[in-house]
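**Student:** Just to be clear, the model below is a prediction. Sequence and coordinates:
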Protein chains: 2
Amino acid sequence: MQTLTVELPDRHYPIHVGPGLLDDASLLTPHLAGRQVMIVTNEVVAPLYLERLKATLAGHDVHEVVLPDGEATKNLEHVERIWDALLAAGFNRRATLIALGGGVTGDMTGFAAACYQRGIAFIQIPTTLLAQVDSSVGGKTGVNHPRGKNMIGAFHQPRAVIVDTDTLKTLPARELTAGLAEVIKYGLIRDEAFMTWLETNMTGLRSLDAALLTEAILKSCSVKAEIVVEDETEQGVRAYLNLGHTFGHAIETAMGYGNWLHGEAVGTGMMMATALSHRLGWLDEAAVKRVAMLLEAAGLPRHAPASVSAERFLELMHLDKKVTDARLRLVLLKAFGDACITDEVDEGQVHDLLADWERQ
Amino acid sequence: MQTLTVELPDRHYPIHVGPGLLDDASLLTPHLAGRQVMIVTNEVVAPLYLERLKATLAGHDVHEVVLPDGEATKNLEHVERIWDALLAAGFNRRATLIALGGGVTGDMTGFAAACYQRGIAFIQIPTTLLAQVDSSVGGKTGVNHPRGKNMIGAFHQPRAVIVDTDTLKTLPARELTAGLAEVIKYGLIRDEAFMTWLETNMTGLRSLDAALLTEAILKSCSVKAEIVVEDETEQGVRAYLNLGHTFGHAIETAMGYGNWLHGEAVGTGMMMATALSHRLGWLDEAAVKRVAMLLEAAGLPRHAPASVSAERFLELMHLDKKVTDARLRLVLLKAFGDACITDEVDEGQVHDLLADWERQ
């Protein structure tokens, strides 16, 4: 097991990463606010890990909420089910919520904790690679609204994050690959050495070597923590975390959410951002090849969907919320490990890139 | 106009109090986060003050949500109506919510602001005396759940509070009196000089003398601010703000919410707490008479409802959330201006007091 401590302005919390942590009561119990514990999970994860977690919490007053799976459940109605369960159990301000599952479960549980009796304790046990490297740091919680994603929410930091790398054994390979897109992103925007490490170890990561997974997750969380601390108000470097996302969101929207996984769209988006950085003279041809090979090694797609024309692609990029006014605002790479954000890219150049892009 | 500045750990905000402030754009505009403004009010207040406030905000992109009146509307469904309106208007993170109304409007609007896109700016314009002296300080926002009051909520501080004392001219006399109960409470728990001032000026307050109202509201807010700052974690002196509330909540529950106004129940509750403090030897008989006369001058009831026996009263007090485990925890007075919290009062003594109490 390895541990990263995330420093917040007024306190800190640990992210423990390693195999078999789900059974280790000593990691959990110091962070419980009292005897009352409510586990929130979903119909896919519950049969796999709920009973084991409950056994770890033996001796506490443990209840559970099992929600349906999927991004479509990330709404206020399901958060209300968590609140209803807390009140039906008679839980007070010293209750603790535990999120056992992926990003959707974590976002909803965190929001439920943020607003139950004006804020109760909350522990994350993320079981997807994406949630492990993304939701573990930053404190963002919330739900979608019919008119927009993540429109309703709060900042609420966990007391602890426990990443049991063994849970990735039950994750579909395609979701593991989607999570690797975010891991690669941290190398690209901040740490060329980590990129080199990923090139060496991608096969081992995909075959779920626990030591390699532990290292990759820790490193990803520490890069994100660094960036979040540098930019608490979200005005500056935090935008680097969106590398590939403006291109990627356009793909997700065009294809309908769920057809391309978020990580797959971001993978292709990072490839596009890299290629654009090359056209601007910032990265050489060898660098573009390196990114292509790394994405391929992770199993990620690099070709945009055939059905989306360059014109439609540009239109969708303008709709993305990271675009202010008329000008496209893009995260690009000056070099590996050195991201930048710019709204000065000539739109004709972006159009040409999209028109030239190989479709699948 | 007078102004109190409330100091928070990381910033501060003004409470402006005086007649005619609703028309003063210079008090509002410095606190707007941008051009987008959503006013939240209710069906009783809107016909009285909405157009005037909109005139004051001329030049901004002003929308409004008009909710039904009453405590029964303080639920998630109505907060969702505020979020729907914000999204329908296309409002972003630099939008500002303004609560124009009583405590229910303020609590719901503050909560809507706390969770819209993880927190937007919020200004309070309270139009009831209770909201002016209570909700202006403390940052508590939220809604009721069928299983309990204020169960869902967040701490979210306003950018500014604007109290136009002229709005009290349209407040029913009974509600003004109920608000005076909370004003008197601040004198009893913290400031004997303020109590003396209230004895002198109660008639003027009830006839809505603007200068006297301004002074009473400012003083009340400053006592509450003092106490909240001393006790941010709600473990200690903040409980003094509940003087009369354990007795009062028992009356409210017994009679069904809305039959006795909260302030009326608290008024009778403060009388009971005063009488119990006398029985414990802390206050003399003259002190009890002083409180009785002050409550009477304010128009507040001092007799418990005839239908509630001493036994039932005690039972309801135990149900109150301020009671931990089996022992009653009561806020009492060692002297005027010197409250204390104790769970060492003999329950037989409380029973005797309730049995002896004059009923109406």
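**Tutor:** Nice, thanks for sending it over.
**Student:** any low-confidence regions in chain A?
**Tutor:** Within chain A, the stretches with pLDDT under 70 are A:233, A:257, A:320-326.
**Student:** near chain B, which residues of it show up?
**Tutor:** Within reach of chain B by Cβ under 8 Å from any Cβ of the partner chain, chain A has these residues: A:76, A:80, A:83-84, A:87-88, A:111, A:114-119, A:140, A:142, A:145, A:147-148, A:150-155. The C-beta positions use only the backbone N, C-alpha and C, and glycine is treated the same way.
**Student:** residues contacting residue A:23?
**Tutor:** A:52, A:55, A:56 (Cβ atoms under 8 Å, 6 or more residues apart in numbering or on different chains).
**Student:** The second one: what secondary structure?
**Tutor:** Secondary structure, DSSP: H, G, I helix; E, B strand; the rest coil: residue A:55 is helix.
**Student:** roughly how far apart are the closest residue to it other than its chain neighbours and residue A:38?
**Tutor:** Computed as Cβ to Cβ, 6 or more residues apart in numbering or on different chains, the closest residue to residue A:55 that is not its neighbour in sequence is residue A:23, at 7.6 Å. As for residue A:23, its distance to residue A:38 is 20 Å (criterion: Cβ to Cβ, to the nearest Å).
**Student:** ok, back up a step: hmm, which of the contacts of residue A:23 are the buried ones?
**Tutor:** Among the contacts of residue A:23, those buried by neighbour count (16 or more other Cβ atoms under 10 Å in any protein chain shown) are residue A:56.
**Student:** Just the closest of the contacts of residue A:23 to chain B, please.
**Tutor:** Taking Cβ to the nearest Cβ as the measure, chain B sits nearest to residue A:56 out of these, at 28.5 Å.
**Student:** Next, check the residues of chain A next to chain B against the strands and list the overlap.
**Tutor:** Of these, the ones assigned to strands by DSSP state E are A:140, A:142, A:145, A:148, A:150, A:151, A:152, A:153, A:154, A:155.
**Student:** what number of residues lie near the second one?
**Tutor:** Other residues near residue A:142 come to 24 when the count uses other Cβ atoms under 10 Å in any protein chain shown.
**Student:** try the last one
**Tutor:** As a burial measure, residue A:155 scores 14 neighbours (other Cβ under 10 Å).
**Student:** Nearest residue to it in space, please, no chain neighbours.
**Tutor:** Spatial nearest neighbour of residue A:155, chain neighbours left out: residue A:139 (4.6 Å); criterion: Cβ to Cβ, 6+ apart.
**Student:** Phi first, then psi, for the residue in the stretch 101-250 of chain A positioned nearest to chain B.
**Tutor:** Here the stretch 101-250 of chain A gets closest to chain B at one residue, residue A:147, 4.2 Å apart by Cβ to the nearest Cβ. Torsion angles at residue A:147 (phi, psi; degrees, to the nearest 10) stand at phi -90, psi 0.
**Student:** check contacts around the nearest residue to it once chain neighbours are set aside.
**Tutor:** The spatially closest residue to residue A:147, leaving aside those adjacent along the chain, is residue B:87, at 4.2 Å (Cβ to Cβ, 6+ apart). With contact taken as Cβ under 8 Å, 6+ apart, residue B:87 is in contact with A:145, A:147, A:148, A:151.
**Student:** What is the most widely separated pair among those residues?
**Tutor:** A:147 and A:151 (6.7 Å; Cβ to Cβ).
**Student:** one step back: quick check: the gap between the residue nearest to residue A:147 and residue B:62.
**Tutor:** Counting by Cβ to Cβ - residue B:87 and residue B:62 are separated by 17 Å.
**Student:** what sits against the residue lying closest to residue A:202 once chain neighbours are set aside?
**Tutor:** Nearest residue to residue A:202, sequence neighbours excluded (Cβ to Cβ, 6+ apart): residue A:297, at 4.1 Å. Neighbour list for residue A:297: A:199, A:202, A:203 [criterion: Cβ under 8 Å, 6+ apart].
**Student:** which among those residues gets closest to residue A:316?
**Tutor:** residue A:202 (30.2 Å).
**Student:** Please report the distance of residue A:267 from chain B.
**Tutor:** Distance, residue A:267 to chain B, using Cβ to the nearest Cβ, to the nearest Å: 27 Å.
**Student:** So what does that residue look like in phi/psi?
**Tutor:** Main-chain dihedrals, residue A:267, degrees, to the nearest 10: phi -60, psi -50.
**Student:** so what's it up against?
**Tutor:** A:178, A:181, A:184, A:244, A:248, A:295, A:298, A:300, A:301, A:302.
**Student:** cool, residue A:42 as well?
**Tutor:** Counted by Cβ under 8 Å, 6+ apart, residue A:42 has contacts A:66, A:67, A:68, A:69, A:73, A:101, A:102, A:104, A:105.
**Student:** how about JSON lines for those, with secondary structure added?
**Tutor:** As requested, those are exported to JSON lines (three-state DSSP):
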{"residue": "A:66", "secondary structure": "strand"}
{"residue": "A:67", "secondary structure": "strand"}
{"residue": "A:68", "secondary structure": "coil"}
{"residue": "A:69", "secondary structure": "coil"}
{"residue": "A:73", "secondary structure": "helix"}
{"residue": "A:101", "secondary structure": "strand"}
{"residue": "A:102", "secondary structure": "coil"}
{"residue": "A:104", "secondary structure": "helix"}
{"residue": "A:105", "secondary structure": "helix"}
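**Student:** and of those residues, the nearest to residue B:92?
**Tutor:** Using Cβ to Cβ, the contacts of residue A:42 come closest to residue B:92 at residue A:104, 24.1 Å.
**Student:** show me where the stretch 151-300 of chain A has strands.
**Tutor:** A:160-164 (DSSP state E, counting those that start in this stretch).
**Student:** before we move on, back to that, measure the residue nearest to residue A:55 to chain B for me?
**Tutor:** Distance from residue A:23 to chain B, by Cβ to the nearest Cβ: 34 Å.
**Student:** What subset of the ones in strands among the residues of chain A next to chain B is buried?
**Tutor:** Buried among these by 16+ other Cβ under 10 Å: A:140, A:142, A:145, A:150, A:151, A:152, A:153, A:154.
**Student:** Now the two most distant members of the residues you listed.
**Tutor:** Maximum distance among these (Cβ to Cβ): 15.3 Å, for A:140 and A:145.
**Student:** from the chain's centre, how far out does the strand or helix carrying residue A:348 sit?
**Tutor:** Assigned by DSSP states H and E, residue A:348 belongs to helix A:347-356. Averaged C-alpha coordinates place helix A:347-356 at 29 Å from its chain's average position (Cα atoms, centre = their mean, to the nearest Å).
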